[in-house]
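>>> Need a 3D model of the following:
(chains A and B)
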Amino acid sequence: KAGVTQTPRYLIKTRGQQVTLSCSPISGHRSVSWYQQTPGQGLQFLFEYFSETQRNKGNFPGRFSGRQFSNSRSEMNVSTLELGDSALYLCASSFTGGNTEAFFGQGTRLTVV
Amino acid sequence: GQNIDQPTEMTATEGAIVQINCTYQTSGFNGLFWYQQHAGEAPTFLSYNVLDGLEEKGRFSSFLSRSKGYSYLLLKELQMKDSASYLCAVRVHPSRDDKIIFGKGTRLHILP
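Next comes the predicted model:
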């Protein structure tokens, strides 16, 4: 079966712009989590969506938001981009979230200039 | 606060055994995960522990002691392809929130 698909793979944006990233989970998976990965901070949890509802949230400013659609596909939006937002954004899908195994997508590499 | 510590880098020899340690101080522990991440690739799931003890899966084993806030990942018969970063992650639920916190990862170098 197809894995987790993230689009686009690479993005270059200018400070102040906004960006939308997309994640298509494995078919049948209802939980989608988003992470930011940087060399200095490692993987940091952004938020988790389950059945179109945000179930959990990390410690990121309100510029970071997301949503999930009825087909479990999820989008993440970052507004008013800052240089420090440059990172690899990963999404992970799992059947129910919780303690079930999560499968990661290849990520979107965002560069803010 | 929530804190997960693991060594930044380790080096081992092909065919040997290596143990990667992870200590955590978190609120509301609800399971510990280990992931492997090759450079430029997505993390892949290795193991999950929620009860104390050892879980073995082929060449990889993971151990958990909840009372000590400690886990380790044991890799046997090391192969060159095991060169990767190994991420320790803890599921916590400090209040009603429930989230996974990752350590910064241990970069493992395998020498021939």
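
>>> pull the helix or strand with minimum mean pLDDT from the chain.
Went with chain A since none was named. Across the helices and strands of chain A, mean confidence by mean pLDDT, DSSP states H and E is lowest for strand A:53-57: a mean of 89.

>>> my question was about chain B
Counting by mean pLDDT, DSSP H and E, chain B has its least confident helix or strand at strand B:99-102, which shows a mean of 83.

>>> Might you list the low-confidence residue ranges for the chain?
I went with chain A, as the question did not name one. Flagging of chain A using pLDDT under 70 yields the residue ranges A:1, A:97-100.

>>> The intended chain is chain B.
By pLDDT under 70, the low-scoring segments of chain B are B:94-98.

>>> Around chain A, which positions in it sit nearby?
On the criterion Cβ under 8 Å from any Cβ of the partner chain, chain A has as its neighbours in chain B the residues B:30-31, B:35, B:41-45, B:48, B:50, B:87, B:89, B:91, B:97-105. In short, each C-beta sits where N, CA and C put it, glycine included.

>>> Of those, which belong to strands?
When those are checked against strands using DSSP state E, the ones located there are B:30-31, B:35, B:44-45, B:48, B:87, B:89, B:91, B:99-102.

>>> related to what we said a few turns ago, please check the residues of chain B next to chain A and keep the buried ones.
If you count burial by 16 or more other Cβ atoms under 10 Å in any protein chain shown, the buried members of the residues of chain B next to chain A come out as B:31, B:35, B:42-43, B:45, B:48, B:87, B:89, B:91, B:98-105.

>>> what sits against the residue nearest the centre of chain A?
Centroid-nearest residue in chain A: residue A:34, 3.3 Å away (criterion: Cα atoms, centre = their mean). The neighbourhood of residue A:34, defined by Cβ atoms under 8 Å, 6 or more residues apart in numbering or on different chains, consists of A:23, A:45-48, A:66, A:74, A:76, A:89-91.

>>> switch to 7 Å and redo it
Remark: with contacts taken as Cβ atoms under 7 Å, 6 or more residues apart in numbering or on different chains, residue A:34 is in contact with A:46-47, A:66, A:76, A:89, A:91.

>>> which of the residues you listed lies closest to residue A:13?
For those, the minimum distance to residue A:13 (Cβ to Cβ) is 12.2 Å, reached by residue A:89.

>>> Let me see the contact set for that closest one.
Contacts for residue A:89 were tallied using Cβ under 7 Å, 6+ apart; they are A:21, A:34, A:36, A:76, A:107-108, A:110.

>>> Out of those, which end up buried?
Buried members of the contacts of residue A:89, counted by 16+ other Cβ under 10 Å: A:21, A:34, A:36, A:76, A:107-108, A:110.

>>> is it possible to export the residues you listed to a markdown table including secondary structure?
Shown next, in a markdown table, are the buried ones among the contacts of residue A:89 (DSSP: H, G, I helix; E, B strand; the rest coil):
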| residue | secondary structure |
| --- | --- |
| A:21 | strand |
| A:34 | strand |
| A:36 | strand |
| A:76 | strand |
| A:107 | coil |
| A:108 | strand |
| A:110 | strand |
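
>>> what's the closest of these to chain B?
Looking at the buried ones among the contacts of residue A:89 and their distance to chain B, the nearest is residue A:107, at 6.2 Å (Cβ to the nearest Cβ).

>>> Surely that closest one touches residue B:42?
Yes: under the criterion of Cβ atoms under 7 Å, residue A:107 makes contact with residue B:42 at 6.2 Å.

>>> re the thing from before, look up which residues are beta-bridged to the residue nearest to the centre of chain A.
Beta-bridge partners of residue A:34, counted by DSSP bridges, are residue A:47, residue A:91.
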